[in-house]
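**Student:** Build the 3D model from these lines:
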Amino acid sequence: MDKTTLLLLASEWIGVIGLGMLVGLSRAVQKIKPLQFLFPRREAAVTFSLNAALFIFGIIIYKYFFTAVNELTVFNPEAGIQRIILDVLGLAVFAAALVYRKQPFKSALWGKDGLRPSLTLGLLLSVLTLFLRAKITAITNGVSSSDGLALIELFVIALCEVTIFFGFSQPRLSSRFGATIGWLISAALFALWQVIPLALHGGTWQTSTYQVGMAIGQGLILGFITAKSKHALAPAIYLALSQWLFLIQ
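**Tutor:** Numbers count the residues shown, from 1 in each chain. I've put the predicted structure just below:
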């Protein structure tokens, strides 16, 4: 990753923060009732337990079964499929926890009332990201079928991981520790989930350093967008597109 890419990424994050703050002030978002949990300690305990189980399972799977790892600017379809399998299984466990505990999917920030504002924010973030990354011309010139497949896989991964770490985990951790601490813990969990395959099957030190830094930054940005939009769709759209644009030359 060169200095130009880093500068473009920094400008993208600044733009995302600004747009997120503006959308958070909109009437449509302010009408969405904030989540309230009757037993914050219990919710936090369940969240930590589910995340711990997910991480232990992920470490075992990556250590003994899945060995493919995606690089920042090169998409490995095998690594993408492996990631989807692991993420979908993890999401299924978190969804099962909601059903077993008789909690609505709205408590994982997938409520109907926030769907349209979140979709609007996601589209606005997409346009902003394309502009700030200077990728509009590259997209209009056409993309290959492999790039299209990569976008689909990245979107599935983003939906799963945003739902797990920011839709389910962040509201519950925030109810127990406060909005800021809940945001930071959720971002750290997301970043750590990205680090597992790198730690077990990573590439060079420089490549891994960039990817770890990216994961931390993305976690903070995604948690911020989630808190402002009160829904998981917008951050999922942004994450998928932001990662995909690294593949587009």
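
**Student:** in which helix or strand would I find the spatially most central residue of the chain?
**Tutor:** For the chain, residue 162 is the residue whose C-alpha lies nearest the centre (Cα atoms, centre = their mean; 3.8 Å). Using DSSP states H and E, residue 162 sits in helix 145-162.

**Student:** what mean pLDDT does whichever helix or strand comes after that helix have?
**Tutor:** Counting by DSSP H and E, the next helix or strand C-terminal to helix 145-162 is helix 170-177. Averaging pLDDT along helix 170-177 gives 98.

**Student:** going on from helix 170-177, what's the next piece of helix or strand?
**Tutor:** Reading on from helix 170-177 to the C-terminus, the next helix or strand found by DSSP H and E is helix 179-201.

**Student:** which strands and helices sit next to that following helix?
**Tutor:** Helices and strands touching helix 179-201, by 3 or more Cβ pairs under 8 Å, 6 or more residues apart in numbering; DSSP states H and E, are helix 40-64, helix 170-177, helix 205-229. (Each C-beta comes from the backbone N, C-alpha and C, glycine too.)

**Student:** what packs against the first one?
**Tutor:** Using 3+ Cβ pairs under 8 Å, 6+ apart as the contact criterion, the neighbours of helix 40-64 among helices and strands are helix 77-100, helix 170-177, helix 179-201.

**Student:** closest to residue 137 out of those helices?
**Tutor:** Shortest distance between residue 137 and those, using Cβ to Cβ, is found for helix 77-100: 25.8 Å.

**Student:** what does that closest one rub up against?
**Tutor:** Residues from elsewhere that reach helix 77-100 (Cβ atoms under 8 Å, 6 or more residues apart in numbering): 46, 50, 53-54, 57-58, 61-62, 66, 68-70, 104-105, 107-108, 146, 149-150, 153-154, 156-157, 160-161, 163-164, 168, 197.

**Student:** cool, stretch 62-71 as well?
**Tutor:** 76, 78-80, 82-83, 86, 196-198, 200-203, 207, 211.

**Student:** how deep is residue 127 tucked in, by neighbour count?
**Tutor:** Residue 127 sits with 12 neighbouring residues when counted by other Cβ atoms under 10 Å.

**Student:** Then residue 55?
**Tutor:** Each residue near residue 55 was counted by other Cβ under 10 Å, and the total is 15.

**Student:** can you check residue 98 too?
**Tutor:** Neighbour count of residue 98, defined by other Cβ under 10 Å: 16.
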